[in-house]
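Enquirer: I need the structure of the sequence given here:
(one chain, ligands or ions: 1)
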Amino acid sequence: MALLADYTTLGLGGPARTFVSAATEAELIAAIRSADAAREPVLIIGGGSNLVVSDEGFSGTVVHVSTRGRTVTETSEDAAEVTVAAGEDWDGVVAATVAEGLAGLETLSGIPGRAGATPIQNVGAYGREVAEVITQVRVYDRQEDQIQVFQNDRCSFAYRTSLFKAVGTRYVVLAVTFRLARQPMSMPVRYAELAGELGVTMGERAGTGEVRSAVLKIRARKGMVISPGDPDTRSAGSFFTNPVITAAEFSRVEATATARDAGPVPGYPAGDGLVKVPAAWLIERSGFAKGYGAPAPARVSSKHTLALTNANNATTADLLSLAREIVNGVQDAFGITLTPEPILVGVTL
Ligand SMILES: Cc1cc2nc3c(=O)[nH]c(=O)nc-3n(C[C@H](O)[C@H](O)[C@H](O)COP(=O)(O)OP(=O)(O)OC[C@H]3O[C@@H](n4cnc5c(N)ncnc54)[C@H](O)[C@@H]3O)c2cc1C
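Expert: Numbers count the residues shown, from 1 in each chain. Here you go, the predicted model:
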């Protein structure tokens, strides 16, 4: 019997009623078809790095996507399209493109999980997101029982979401195609912390290899690269998305921060007059410091306020109770409701 704790980076989750590992696209589609025909609930799992699974497990079929394959097509002198199977390790894909002299994925180094999950929540980091370089996503449509190809403009990509996440489990990602630039220099640096690490100014470029190394260094400092011996990395990455609020709400948060002597509120333009506020800042200013919760089994990472960790034999219930405490604390302090970033399976906040 497969225990889902063995397949999630949090190390949490009870047993799967049925567990199938699919090494080829044919096996993947066959496993989903047969579960659908039997009207079994299906959970698709890649690297398990964005999943919070109930202690009771999953009473249906869990399909573990382990398909492999990568092709590079030169589309012009200065660009190439890279198509990867859903089961490819994401950081392996990034490392290979950097090594091959292709630019566009370098800031997305060190993110755990598999390539097929990257379009689901439009994975992003250090000023870039996959939506900027994805040309198409090949999926198996469970409702229509057929393969479909979604061009980028049909994927409804937005901050940490997409059509695929919005509709739930209808589409199984089979392969993703990225258009990358054939050049030794990175895309312009858009993230101040990264620019600082590289010693460049915002908007400048650096070598793609240098950017990858700098990102991995910053991530390691924050416990955001999986390291088996480090309990701070037994997490699902950021547990909450950064709230995007109206200008009026932002003014209210600023007034509250002044009243609480919490310092200036960081805010970044998010289009349409909206402002993105770092969830980590809100959490810290609401009284949850790094390491909060220790010595309880589930606690805030000692390196990054946004990561909730299974530090020491926690259960999913422990983790969710910590998450609820933080949501309530931020709500009480600033009137903002945090939204979880990972997919919750069989549990709610
Ligand atoms: C230490 C750490 C750091 C992280 N840093 C970042 C970051 O910087 N930026 C960021 O965006 N995310 C980050 N994450 C979150 C996570 O790594 C990404 O969301 C990643 O893309 C999830 O991939 P996965 O294969 O592990 O997906 P899983 O966790 O296995 O699945 C996530 C969701 O996608 C679905 N899914 C998976 N594969 C498929 C498929 N082939 N077809 C259809 N549905 C599928 C699953 O059903 C589930 O709903 C981090 C996580 C950790 C643990």
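
Enquirer: Residues of the stretch 201-349 of the chain that sit close to the ligand?
Expert: Contact residues, the stretch 201-349 of the chain versus the ligand (C-beta under 6 Å from any ligand atom): 224, 226, 233, 235, 236, 237, 343. Glycine gets a C-beta too; all of them are placed from N, C-alpha and C.

Enquirer: The ligand: which of those is nearest?
Expert: Checking those against the ligand by C-beta to the nearest ligand atom gives residue 237 as the nearest, at 2.4 Å.

Enquirer: Near the closest one, how many other residues are there?
Expert: 25 (other C-beta atoms under 10 Å).

Enquirer: Residue 155 too?
Expert: 20.

Enquirer: How much space separates it from residue 79?
Expert: 20 Å (C-beta to C-beta, to the nearest Å).

Enquirer: Out of the residues of the stretch 201-349 of the chain next to the ligand, who's the most crowded?
Expert: For these, neighbours were counted using other C-beta under 10 Å, and residue 235 has the most, 27 neighbours in all.

Enquirer: who's in contact with stretch 248-267?
Expert: Here stretch 248-267 makes contact (C-beta atoms under 8 Å, 6 or more residues apart in numbering) with 245, 275, 276, 277, 278, 281, 282, 285, 333, 334, 335, 336.

Enquirer: Give me the buried positions along stretch 1-9.
Expert: 2, 4, 5, 7, 8, 9 (16 or more other C-beta atoms under 10 Å).

Enquirer: closest to the ligand among those residues?
Expert: residue 9 (4.2 Å).

Enquirer: Just to check, that closest one is in contact with residue 111?
Expert: No. Judged on C-beta atoms under 8 Å, residue 9 makes no contact with residue 111 at a distance of 11.1 Å.

Enquirer: Give me the common contacts of the two.
Expert: Common neighbours of residue 9 and residue 111 (C-beta under 8 Å, 6+ apart) are 49, 237.

Enquirer: pretty sure residue 148 is in contact with residue 141, am I right?
Expert: Yes. When contacts are counted by C-beta under 8 Å, residue 148 is listed as touching residue 141 (5.0 Å).

Enquirer: Name all residues that sit in contact with those two at the same time.
Expert: Here residue 148 and residue 141 share the contacting residues residue 171, scored by C-beta under 8 Å, 6+ apart.

Enquirer: overlap between the buried residues of stretch 1-9 and the residues near the ligand?
Expert: Within the buried residues of stretch 1-9, those near the ligand by C-beta under 6 Å from any ligand atom are residue 9.

Enquirer: Quick check: longest strand in this structure by residues?
Expert: Longest strand in the chain by number of residues (criterion: DSSP state E): strand 171-182.

Enquirer: Mind listing the strands that one pairs with, and their directions?
Expert: strand 79-85 (antiparallel), strand 102-103 (antiparallel), strand 134-141 (antiparallel) (DSSP bridges).

Enquirer: Check which helices and strands the next helix or strand after that strand is in contact with.
Expert: Per DSSP states H and E, the first helix or strand lying C-terminal to strand 171-182 is helix 192-198. When contacts are defined as 3 or more C-beta pairs under 8 Å, 6 or more residues apart in numbering; DSSP states H and E, helix 192-198 packs onto helix 208-221.

Enquirer: gap between the helix it packs on and the chain center?
Expert: From the chain centre to the centre of helix 208-221 is a distance of 17 Å (C-alpha atoms, centre = their mean, to the nearest Å).

Enquirer: Tell me the helix or strand right after that helix.
Expert: Heading C-terminal from helix 208-221 (DSSP H and E), you reach strand 244-245.

Enquirer: Spatially nearest residue to residue 1 (excluding sequence neighbours)?
Expert: The shortest distance from residue 1 to any non-neighbouring residue, by C-beta to C-beta, 6 or more residues apart in numbering, is to residue 15 (5.1 Å).

Enquirer: Just list whatever residues bridge to that neighbour.
Expert: residue 3.

Enquirer: same check, this time on the one 4 residues further on
Expert: Judged by DSSP bridges, the bridge partners of residue 19 are residue 62.

Enquirer: do the same with residue 102
Expert: Note on residue 102: beta-bridge partners by DSSP bridges are residue 182.

Enquirer: Show me what the host helix or strand of residue 327 is packed up against.
Expert: When secondary structure is defined by DSSP H and E, residue 327 falls within helix 316-334. If contacts are counted by 3+ C-beta pairs under 8 Å, 6+ apart, helix 316-334 sits against strand 51-53, helix 247-259, helix 279-285, strand 298-300, strand 308-310.

Enquirer: contact partners of the third one?
Expert: Spelled out, it's helix 279-285. Everything outside helix 279-285 that qualifies as a contact, by C-beta under 8 Å, 6+ apart, is 238, 240-243, 253, 257, 260, 262-263, 265-266, 290, 300, 304-306, 326, 329-330, 333-334, 336, 338.

Enquirer: Drop the exposed ones from those residues and show what's left.
Expert: In these, burial by neighbour count holds for 238, 240-243, 253, 257, 262, 265, 290, 300, 304-306, 326, 329-330, 333-334, 336, 338, counting by 16+ other C-beta under 10 Å.
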